[in-house]
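1. Any chance you can model this:
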Amino acid sequence: MMILIGTSGYNYPHWWNGVFYPSDLPQKRWLEFYAEYFDTVELNVSFYRLPRREMFEGWYKRTPKRFSFAVKGSRFITHVKRLKDCREPLSLLLDHASALKEKLGAVLWQLPPRFKFQKERLEEFCVLLSTLPRSKVLRHAFEFRDESWFCQEAFQILEEFGFSLCIAHGSGLPLKEVLTSDFTYLRFHGGEVLYGSNYSNNELREWSEKIRDWRKKGKTVFVYFNNDAYGFAVKNALTLKRFVSSHPSI
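-> Numbering: from 1, shown residues only. Alright, predicted model coming up:
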């Protein structure tokens, strides 16, 4: 069981010139530099467009042996199709992402706001995820953006299939700390300003205690900071890593 801490994306020009990446470091070396500090990254590009399989192969080759990727599921599946009739795009995404091999740690499905809970829709999608050959061996996490999904029926479905409820912390976002699988998936979007606010050391210490407790319960924990403005994400992720690793039992 592991605790993996990183950021949501790494290829941000505003992290250059000393914010995180050195000013003399070419962009093509950013991932290698990132991997010197973090052991995981959440790939957000796959939410907006399908990267070529060769891109996934490149990410695999450019990272260390024990590095882990989380892949964000396509918005075509979550926001356009709304989890319905999506076998073909799902198969295509997973075919490309399979180039990450053993480094593919989890897949995140972020549902849109104002998409109300639909039990049958969720069940059908979970069945699809659990039956497709490339999908059924993967960890899947669901980030709900509408309050209606935070209900016992939804939690029971996720638990039945062994999928995780993403614990998403951010201004104006619904938050429930419910564990539904053998892994926990956290996303930090910014407590005061979405994507644009810093977390205090006290806040991060509190979260480090929760993370350690989940680890003691046998959970693998994925943590990603999505407050990328001003480099807050990398600063907060490094601080949280320090708090977690400073505990004698970890």
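
2. Could you verify my assumption that residue 95 touches residue 53?
-> Yes. Using CB atoms under 8 Å, residue 95 and residue 53 qualify as a contacting pair, with a distance of 7.2 Å. Heads up, the C-betas are built off the backbone N, CA and C, glycines and all.

3. Spell out which helix or strand contains residue 208, please.
-> Secondary structure from DSSP states H and E places residue 208 in helix 201-216.

4. tell me what that helix is packed against?
-> Where contact means 3 or more CB pairs under 8 Å, 6 or more residues apart in numbering; DSSP states H and E, helix 201-216 is packed against strand 183-190, strand 220-225, helix 232-245.

5. give me that answer again for 7 Å
-> The contact analysis (3 or more CB pairs under 7 Å, 6 or more residues apart in numbering; DSSP states H and E) places helix 201-216 against strand 220-225, helix 232-245.

6. measure residue 135 to residue 50 for me?
-> 16 Å (CB to CB, to the nearest Å).

7. Helices of this protein, start to end?
-> Applying DSSP state H to the chain gives helices spanning 30-35, 45-48, 53-61, 75, 87-97, 119-131, 152-161, 201-216, 232-245.

8. could you redo these as TSV and give each row mean pLDDT?
-> As requested, the helices of the chain are exported to TSV (pLDDT from 0 to 100):
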stretch	mean pLDDT
helix 30-35	99
helix 45-48	98
helix 53-61	99
helix 75	98
helix 87-97	98
helix 119-131	98
helix 152-161	98
helix 201-216	97
helix 232-245	97
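
9. ranking those by burial, who's on top?
-> helix 232-245 (a mean of 20; mean count of other CB atoms under 10 Å).

10. could you give the angle of that one to helix 201-216?
-> Taking axes from the mean of the first three to the mean of the last three CA atoms, to 10 degrees, one finds helix 232-245 and helix 201-216 inclined to each other by 50 degrees.
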